[in-house]
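>>> Show me how the following folds:
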Amino acid sequence: MKMYQNIEKLARADGGTLYRFCLLLTGRPQKAERAAFQSLLYMAEETEPLSAAEERRALYRHAFRAAEDEWYRKSAAPMKKAAFEELAGVAVSDALWRLMKRPLRRRGAAFLVSCARFSAEDAAAALRVRTARVEKWLAAEEDAPALCAALEALAPEPAWEEQLGDDLLLRCQERNVPLENRLLRFRSAADRLVPYLALAAALLCAAAVWYTSRLAASLGG
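Sure thing, here's the model as predicted:
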């Protein structure tokens, strides 16, 4: 496939930052690695040319989508702080842990503005929300200024970061990345429907119980 021309440069220059962004959203190192890698696979399909600003917005738009997909496939039990620290291998401040419990887009906005030096407008474009909402989140987020220092210690495995560019090129050369991306988007859309389908099933069951009880009452009368 024809890849976006700066993709290898992005992988080497932004791999660690992408990992931290995805870790803040997913809460699990392994999921963060997968989401960061997948965001670059999405980016590899971008149509050229992009300005520097457009490139950054596109990259983190893909990263948010990939991390959000991982979040939808989260484990059954929420992770405790001590368990996360054991996985990450470092202590986590209370401020960072509070931020990690915020809604996904709010976490993403705090990272993009405080750590990736996005403007509120660019962060809103990457997260696909209104600028006013990003500004409101940031005004209410007391922990955002300390976010970068706290996240700096949450670095990816050196071997993963060093191999990221090579692994990306190898995947693009050996596999049909556009097809795999389309299949992944389809699967992600299905994952997002699961809660709504479960709710619909519960409502149907409740309606059936109500109807049966009313029918039984009317026959009994």
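>>> what about the residue nearest the centre of the chain, distance to residue 82?
With distances taken as C-alpha atoms, centre = their mean, the residue of the chain nearest its centroid is residue 67 (1.9 Å). Residue 67 sits 23 Å away from residue 82, going by C-beta to C-beta, to the nearest Å. Backbone N, C-alpha and C define where each C-beta goes, glycine included.
>>> just residue 163 next, same as before
Counting by C-beta to C-beta, the gap from residue 163 to residue 82 is 30 Å.
>>> Looking at the two, which is more packed in?
The neighbour comparison of residue 163 against residue 82 (other C-beta atoms under 10 Å) goes to residue 163, with 14 against 10.
>>> In which helix or strand does that one reside?
Secondary structure assignment for residue 163, by DSSP states H and E: helix 158-174.
>>> now residue 56
Going by DSSP H and E, residue 56 is part of helix 52-72.
>>> Which residues are in contact with residue 138?
109, 110, 113, 120, 144 (C-beta atoms under 8 Å, 6 or more residues apart in numbering).
>>> Let's see that with 10 Å instead.
Residues near residue 138 by C-beta atoms under 10 Å, 6 or more residues apart in numbering: 106, 109, 110, 112, 113, 114, 120, 123, 144, 145.
>>> ok, it to residue 7 distance?
On the measure of C-beta to C-beta, residue 138 and residue 7 end up 30 Å apart.
>>> same check, this time on residue 180
On the measure of C-beta to C-beta, residue 180 and residue 7 end up 15 Å apart.
>>> who's more crowded, these two?
With neighbours defined as other C-beta under 10 Å, residue 180 and residue 7 compare such that residue 7 has more, 20 against 13.
>>> From what I see, that one and residue 62 are in contact.
No: counting by C-beta atoms under 10 Å, residue 7 stays clear of residue 62, with 11.2 Å between them.
>>> In this protein, where is pLDDT below threshold?
74-77, 143-145, 184-204, 206-211, 215-216, 219-221 (pLDDT under 70).
>>> just to revisit the earlier point, now list whatever residues contact both of residue 7 and residue 62.
40, 41, 43, 44, 45, 46.
>>> Tell me the one of those residues nearest residue 24?
residue 40 (17.5 Å; C-beta to C-beta).
>>> host element of that closest one?
helix 29-43.
>>> which strands and helices sit next to that helix?
helix 7-26, helix 52-72, helix 81-88, helix 158-174, helix 177-220 (3 or more C-beta pairs under 10 Å, 6 or more residues apart in numbering; DSSP states H and E).
>>> can you state the direction angle for that helix and helix 7-26?
140 degrees (axes from the mean of the first three to the mean of the last three C-alpha atoms, to 10 degrees).
>>> Can you point out the buried residues in helix 29-43?
29, 31-43 (16 or more other C-beta atoms under 10 Å).
>>> ok, so of these, who is nearest residue 20?
Relative to residue 20, and with distances defined as C-beta to C-beta, the nearest of those is residue 32, at 7.8 Å.
>>> was I right about the closest one contacting residue 84?
No: using C-beta under 10 Å, residue 32 is not in contact with residue 84; the gap is 11.4 Å.
>>> okay, and the common contacts of these two?
23, 154.
>>> Hmm, residue 30 and residue 87 touching each other?
Yes: here residue 87 lies in contact with residue 30, judged by C-beta under 10 Å, at a distance of 8.2 Å.
>>> Mutual contacts of the two, please.
Counting by C-beta under 10 Å, 6+ apart, residue 87 and residue 30 have no shared contacts at all.
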